[in-house]
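Asks: Could you work out the structure for the sequence below:
(chains A and B)
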2 protein chains.
Amino acid sequence: MKAIVNVYLKEGVLDPQGKAVHHALGSLGYNSVTDVRIGKQIILEIDESDKDIALSKLEKMAEELLANTVIENYTIELE
Amino acid sequence: MKAIVNVYLKEGVLDPQGKAVHHALGSLGYNSVTDVRIGKQIILEIDESDKDIALSKLEKMAEELLANTVIENYTIELE
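Replies: Numbers count the residues shown, from 1 in each chain, chains lettered A, B, ... in the order given. Reported below is the predicted structural model:
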């Protein structure tokens, strides 16, 4: 089963990488971009047939390792 | 308009960050994970009302700056 965990900074947390990309896009002439934020997309292949079990495992993984929940939120998608 | 550009390594390109996370998950007891790949998720706010124009701009941004198309693929979602 394929799972996608998106990890992104919480609102209000400074995102220097996003700011740098925003600035670079402006330099390239893309002035219609008003905000850029950059997160991680973690694509996992998980050997688990039960969707609920997979989801609960993925939540634990996100809390324990994939996201820093002090400054980051995450979403989980199962395919 | 909100746009999400997902940038991920092409098949066959070594992903050391994904490998490290895979290994760390194994150490934490998550042995059902068989593969991990890590990409970037770039969330843009774009001041553009026409979806087609926004999409064509985002494609150019991805080709020019957001993705390294030698080793990376990208997808664009508009919300």
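
Asks: close to chain B, is the strand ranked longest in chain A?
Replies: Across chain A, the longest stretch assigned as strand under DSSP state E is strand A:33-46. Yes. Under the criterion of CB under 8 Å from any CB of the partner chain, chain B is reached by strand A:33-46 at A:33-46. (C-beta placed from N, C-alpha, C; glycine too.)

Asks: Show me which residues of chain A sit near chain B.
Replies: Residues of chain A lying near chain B (CB under 8 Å from any CB): A:6, A:8, A:18, A:21, A:24-25, A:28, A:30, A:32-48, A:57, A:60-61, A:64-66.

Asks: which outside residues touch the next helix or strand after the longest strand of chain A?
Replies: Per DSSP states H and E, strand A:33-46 leads on to helix A:51-61 as the next helix or strand towards the C-terminus. Contacting residues not belonging to helix A:51-61 are listed as A:1, A:3, A:5, A:44, A:46, A:48, A:76, A:78, B:25, B:28, B:30, B:32-33 [CB atoms under 8 Å, 6 or more residues apart in numbering or on different chains].

Asks: Kindly report which residue of chain A is located farthest from the centre.
Replies: residue A:29 (26.9 Å; CA atoms, centre = their mean).

Asks: host element of that one?
Replies: Going by DSSP H and E, residue A:29 is not part of any helix or strand.

Asks: hmm, back to that, check the contacts of helix A:51-61 for burial and list the buried ones.
Replies: With burial judged by 16 or more other CB atoms under 10 Å in any protein chain shown, the buried subset of the contacts of helix A:51-61 is A:1, A:3, A:5, A:44, A:46, A:48, A:76, B:25, B:30, B:32-33.

Asks: Return the backbone torsion pair for the residue farthest from the centre of chain A.
Replies: phi 100, psi 0 (degrees, to the nearest 10).

Asks: again with residue A:3
Replies: According to degrees, to the nearest 10, residue A:3 has phi -130, psi 140.

Asks: My guess is it contacts residue A:77. True?
Replies: Yes. Counting by CB atoms under 8 Å, residue A:3 touches residue A:77, with 6.8 Å between them.

Asks: thinking again about what came up before, may I see the buried ones among the contacts of helix A:51-61 organised as CSV, with pLDDT and distance to residue A:70 added?
Replies: Listed next are those as CSV, based on pLDDT from 0 to 100; distance: CB to CB, whole Å:
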residue, pLDDT, distance to residue A:70
A:1, 92, 29
A:3, 96, 23
A:5, 97, 17
A:44, 96, 22
A:46, 95, 26
A:48, 91, 28
A:76, 97, 19
B:25, 97, 20
B:30, 95, 22
B:32, 94, 27
B:33, 96, 24
